[in-house]
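Student: quick one: sequence plus predicted model below, questions after.
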Amino acid sequence: MNLMKKLNSDSVKKYILDIFFPNRCPFCGKVIKWNEPCCAKCESEIPFISTEYCKRCGQEICICNDTKIYYDGCVSIAYYRGVVREGIVNLKLDKAVNIADVFKDEIYKRISQMVEISNIDIVTSVPMHKLAKRKRGYNQSDVIAKTVSKIIKNKNCIRILSKTRNDIAQHELGRYERAEAVKGLFTIERKYIDEINKKTVLLCDDIITTGNTLNECSRVLKENGAKAVYCFTIASTQLNND
């Protein structure tokens, strides 16, 4: 009873839920304590991004001179490899919906280094096509956006964008093929046009590779009135000079 009194409402839910559905490490799946975000082994193996990267395009190898960048900044937490890659894969299989909780402190710190938190008006996510979402049951980017909105204490988390077609998987395409593939791929939900006018939007996704998906989403948001668009992803793929 004393323990329950010390816990906030979210923690109480996690504590009770753990009785029926034991908490698991989002990376390796090992059962861990109810209040642990991941196991110690996986935590020690997270490939955090610590090197310098372009604060505008979010890449170690800047692509700002090669591509018109519509977003105003982009940050990621870790490289898409090792345990983080496993965690992202698990997230897409509904086995690691708590992955963003692992990075709570880093998420707040890195977003605040990119943009003043109080200036963010809306948190949103990169959409999935309705058929793909129906098959999976949820959009992993929505999951990340909701967690991020709680971390930065922004209650205005809404699905502004929709995807117009169920396109070929982006990982099967090269950099320039990706740029062509995303053209016209996203549109704005008409009911939100007035709401985003002159507002600063934080756009969330699981991974950034070439940045084309985030860029196209940002273009649509800005052309429909957004004042600024900043991007956040859990992971980033390392690009080479090619």
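Tutor: Yep, that arrived. Fair warning: this is a prediction, and the values are worked out from it, not measured in the lab.

Student: on the three-state scheme, the residue nearest the centre of the chain is what?
Tutor: The residue lying closest to the centre of the chain (Cα atoms, centre = their mean) is residue 205, at 3.0 Å. Counting by DSSP: H, G, I helix; E, B strand; the rest coil, the backbone at residue 205 sits in strand.

Student: relative to residue 22, how far out is it?
Tutor: According to Cβ to Cβ, to the nearest Å, residue 205 and residue 22 sit 29 Å apart. The way it works is simple: take the backbone N, C-alpha and C, and place the C-beta from them, glycine included.

Student: what does residue 106 give?
Tutor: Taken as Cβ to Cβ, the span from residue 106 to residue 22 is 25 Å.

Student: okay, those two: which has more neighbours?
Tutor: Between residue 106 and residue 22, residue 106 has the larger neighbour count (other Cβ atoms under 10 Å), namely 18 against 11.

Student: ok, for the more buried one, nearest residue in space, not its chain neighbours?
Tutor: Distances taken as Cβ to Cβ, 6 or more residues apart in numbering put residue 77 closest to residue 106, at 5.2 Å, once the chain neighbours are dropped.

Student: which SSE is the one you found in?
Tutor: strand 73-79 (DSSP states H and E).

Student: who's in contact with that strand?
Tutor: 46-49, 55-58, 84, 103, 106-107, 110-111, 113-115, 208, 211, 214, 230-238 (Cβ atoms under 8 Å, 6 or more residues apart in numbering).

Student: same thing but 7 Å
Tutor: With Cβ atoms under 7 Å, 6 or more residues apart in numbering as the test, strand 73-79 has contacts from 46-49, 55-58, 84, 103, 106-107, 110-111, 114-115, 208, 214, 230-236, 238.

Student: now do stretch 138-155
Tutor: Taking Cβ under 7 Å, 6+ apart as the rule, stretch 138-155 contacts 91-92, 97, 100-101, 104, 107-108, 111, 117, 120, 123-128, 133, 157, 159, 204-206, 232, 234.

Student: from those, keep the buried residues only.
Tutor: The neighbour count (16 or more other Cβ atoms under 10 Å) marks 91, 97, 100-101, 107, 111, 120, 123-128, 133, 157, 204-206, 232, 234 as buried among the contacts of stretch 138-155.
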